[in-house]
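**Q** What shape does this take:
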Amino acid sequence: MSLKKIILVIFLIAVGALLVWYFFGGSIGKNISLMLEKKTTVNEQLEIPDTKSVAILDGRLPNTNAYDTPIAPNSPKEEVVVPGAVLTLKEAYAKSEAEALIWGKDAKLIFIKSLGAVTLDGRSSQWQVVFGSKTKKKGYEIIIQKDLIVSKKEIESKEYGYDLPKNWYDAKDAILSIQTMPQFKQSTISGMNFYYNKDGKIWGYALATSNGTVSVPVR
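**A** Take a look at the predicted model:
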């Protein structure tokens with residue numbers, strides 16, 4: 001092989017190596033690698049809770065047993081997809097309200113709780129929506145899986161519900177309110193509630209995070 005051919009081969013190898021680094025080791029390469037990363041899919045075995053009674057404290061305590069969803073994912077791999085998460089928290093209320101009013105004309109919301117994994121747009125695969133009736137002196141629990149009501153029953157309760165705030169924002173905005181805070185950069189969320197704070201006489205969200213439960217008021 002002539003010297004010119006050897007030089008040409010060496011040149012082509014060097015250029016090839018440079019292109020490989022540029023696309024797969026440089027900034028473009030990093031972006032391509034991120035694009036090729038798959039999101040985490042959460043598949044759940046959902047169960048209907050055997051609820052006998054509820055108290056006001058139940059509204060303050062969000063579920064901590066579901067999948068830990070990163071609040072501020074740094075890559076597609078950290079992003080979570082929950083195939084069964086169809087309804088947002090507020091949509092779960094809208095789905096349940098008519099059923100509750102059939103049960104009791106004066107039915108009012110006591111709390112809503114996610115029982116499945118939570119997505120960053122405020123959806124969950126399973127919701128527990130609890131109402132109360134002052135005339136019946138009872139509670140009424142509705143369980144929603146995906147977008148279907150799978151259980152509805154009367155339960156014991158000394159709480160009979162409260163008037164909802166006008167135009168209250170959905171769970172997505174509650175998550176967004178903490179998403180950019182530095183202390184939640186590496187945190188996760190496993191559950192959320194919408195409940196009434198009797199002391200402050202105000203509705204709010206309770207978010208179960210790896211930093212503890214965070215309360216976000218709704219005025």
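**Q** C-alpha only now, for contacts and for neighbours.
**A** Fine.
**Q** Show me how this protein divides into domains.
**A** 3-36, 40-218 (automatic domain parsing).
**Q** Mean pLDDT lowest where, among those domains?
**A** Note on the domains of the chain: domain 3-36 shows the lowest mean pLDDT, a mean of 55.
**Q** hey, where'd the helices end up in the protein?
**A** Remark: helices assigned in the chain by DSSP state H are 3-24, 27-36, 56-60, 89-103, 171-179.
**Q** Okay, buried residues for the last one please.
**A** Put plainly, it is helix 171-179. Residues of helix 171-179 classed as buried by neighbour count (16 or more other C-alpha atoms under 10 Å): 171-172, 174-175, 178-179.
**Q** Run through the neighbouring helices and strands of it.
**A** Applying 3 or more C-alpha pairs under 8 Å, 6 or more residues apart in numbering; DSSP states H and E, one finds that helix 171-179 contacts strand 202-209.
**Q** same deal with the shortest one?
**A** Under the contact criterion of 3+ C-alpha pairs under 8 Å, 6+ apart, helix 56-60 touches strand 108-114, strand 188-197.
**Q** Pairing partners for the longest one, with directions?
**A** Strand 188-197 has the following sheet partners, assigned by DSSP bridges: strand 69-70 (antiparallel), strand 108-114 (antiparallel), strand 202-209 (antiparallel).
**Q** which of these is buried the deepest?
**A** Comparing these by mean neighbour count (mean count of other C-alpha atoms under 10 Å), strand 108-114 comes out on top with a mean of 27.
**Q** Contacts made by it with the rest, please.
**A** 56, 59, 62-63, 89, 93, 124-133, 159-164, 191-196 (C-alpha atoms under 8 Å, 6 or more residues apart in numbering).
**Q** rerun that using 7 Å as the cut-off
**A** Contact with strand 108-114 is made by 59, 62-63, 124, 126-133, 159-163, 191-195, as judged by C-alpha atoms under 7 Å, 6 or more residues apart in numbering.
**Q** Give me the angle between that strand and helix 89-103.
**A** 140 degrees (axes from the mean of the first three to the mean of the last three C-alpha atoms, to 10 degrees).
**Q** Distance from the chain centre to strand 108-114, please.
**A** Here strand 108-114 is found 16 Å from its chain centre; the criterion is C-alpha atoms, centre = their mean, to the nearest Å.
**Q** Neighbours of Glu99, how many?
**A** Taking other C-alpha atoms under 10 Å as the criterion, the count of residues near Glu99 is 15.
**Q** Return the distance of it relative to Glu91.
**A** 14 Å (C-alpha to C-alpha, to the nearest Å).
**Q** what do you get for Gln126?
**A** Taken as C-alpha to C-alpha, the span from Gln126 to Glu91 is 12 Å.
**Q** Give me the more crowded residue out of those two.
**A** Ranked by neighbour count (other C-alpha under 10 Å), Gln126 and Glu91 place Gln126 first, with 31 against 15.
**Q** Hmm, Glu154 is touching Glu141, no?
**A** Yes: contact status for Glu154 versus Glu141: in contact at 6.3 Å, counting by C-alpha atoms under 7 Å.
**Q** Just want to know which of those two has more residues nearby.
**A** More crowded of Glu154 and Glu141, by other C-alpha under 10 Å: Glu141, with 26 against 18.
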